[in-house]
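Undergrad: Can you look at this prediction? I've put the sequence above it.
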Amino acid sequence: MWIVPEREIANLMTRDVAFDAVETVFAAMASGEAYNFPVIREAIGHEDALYGFKGGFDRAGLTLGLKAGGYWPNNLARRGLINHQSTVFLFDPDTGMVRAMVGGNLLTALRTAAASSVSIKHLAREDAKVLGIAGAGHQAKYQLSAALEQRSFDKVIGWNYHPEMLPNIEKVAAEAGVPFEVVDLPGMAEADVIITITSAFSPSLMADHVSPGTHVACMGTDTKGKQEVDAALLVKAAVFTDEVAQSISIGEAQHAFGEGLIAESDVAQLGAVINGTHPGRGSADQITLFDGTGVGLQDLAVAASVVNLAIAQGVAIEVDF
Ligand code: NAD
């Protein structure tokens, strides 16, 4: 089997490779060639940790496996380690033998940023100029870098619940040479694309903070109870997601669906837009919303790409197993 350690990922993986891997697997999910297994997520009663597995099988890409890991809230303060920890395991779908073990921490940020980026490519207006971001934590930096590559944005506007964190994203905008402005939430009405990437459990971005024609990528809500945007926004918007079952149970759509404001059939797969079986954005004035819940197949897709790169560049470790 091959091992690709976490320390190698930054040198191997690029945003372009992550984007292609995620776009391809979203398309395979929508055409029925790839499916995710039910997610396991457990509070293990030790170190306040949440641990679980996200897995799946992509018949088109012949990728089988799982990401194991979760959230250890005391890591940073007690050990200087990042709180999110994960490892991807890939298996040979012909034999069931383990093929690779891959560090999953940076890959998670890259595949999550790639997902919102894919949604911007397929759903945002071509003439989008102002990129808004609500959130300034670890993921926000990757989200912003990836999104800036999708349109000719001439300004980034940012809001964060903890304003002292805003320099994190200001730095990313500066590195990309795009002006950055701090706004309050109503100020988000200026944005043509808005990414929300917070760990909030109550909505910040309300329906009247979003102008007609905006594309909103909701990326922070990946668990029951979390919520970043007003449920009424999902009623106004054309809603897309990575996986419908996750969207209405653990994604941003869980609230609008749970309150009976939208039906399961109101949520479409982004992969269908990629495949051309769904028209996507209906008009320049329509609000589109992508509910990025994070699926195991995204992890497997980027991990499979990075294993191939690591083998080609001679940095994958081969273990007789
Ligand atoms: P982080 O801890 O680095 O940052 C948290 C962010 O949430 C900060 O911007 C913080 O100011 C903000 N925040 C905290 N409490 C808030 C509140 N009450 N109201 C509004 N904002 C608040 O976390 P991160 O690693 O950047 O992750 C952000 C979120 O993205 C988490 O919920 C995480 O689980 C989720 N996530 C989703 C995916 C996916 O595939 N969809 C993947 C990875 C992470």
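TA: Yep, it's here. Quick caveat, the model's predicted, so the values are computed rather than measured.
Undergrad: So which bits of the stretch 101-250 of the chain are right by the ligand?
TA: 108, 112, 135-140, 160-162, 165, 197-200, 204, 219-220, 222, 226 (Cβ under 6 Å from any ligand atom). Yep, even glycine has a C-beta here, placed from its N, CA and C like the rest.
Undergrad: Can you go through these and name the buried ones?
TA: Neighbour counting over those (16 or more other Cβ atoms under 10 Å) leaves 108, 112, 135-140, 160, 165, 197-198, 200, 204, 219-220, 222, 226 as the buried ones.
Undergrad: Give me the subset of the residues you listed lying in helices.
TA: Assignment to helices by DSSP state H places the following of these there: 108, 112, 138-140.
Undergrad: Could I get the full set of strands for the stretch 101-250 of the chain?
TA: Listed in chain order, the strands found in the stretch 101-250 of the chain under DSSP state E, counting those that start in this stretch are 130-134, 155-159, 180-182, 193-196, 201-205, 215-218, 227-229, 238-241.
Undergrad: Give me the sheet partners of the second one and which way each runs.
TA: Right, strand 155-159. Sheet partners assigned to strand 155-159 using DSSP bridges are listed as strand 130-134 (parallel), strand 180-182 (parallel).
Undergrad: Can you list the residue ranges for helices in the stretch 51-200 of the chain?
TA: Counting by DSSP state H, counting those that start in this stretch, the stretch 51-200 of the chain forms helices over residues 75-79, 105-123, 138-147, 167-176, given from the N-terminal end onward.
Undergrad: Mean pLDDT added to the strands paired with strand 155-159, as a markdown table?
TA: Formatted as a markdown table, the entries for the strands paired with strand 155-159 read as follows, by pLDDT from 0 to 100:
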| stretch | mean pLDDT |
| --- | --- |
| strand 130-134 | 98 |
| strand 180-182 | 98 |
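Undergrad: Looking from the ligand, tell me which residue of the stretch 1-150 of the chain is nearest.
TA: Using Cβ to the nearest ligand atom, the point where the stretch 1-150 of the chain gets nearest to the ligand is residue 137, with a distance of 2.0 Å.
Undergrad: Isn't that residue up against residue 196?
TA: No. Look at residue 137 against residue 196 with Cβ atoms under 8 Å: they stay out of range, at 11.6 Å.
Undergrad: who touches both of these two?
TA: When contacts are counted by Cβ atoms under 8 Å, 6 or more residues apart in numbering, residue 137 and residue 196 are jointly contacted by no residue.
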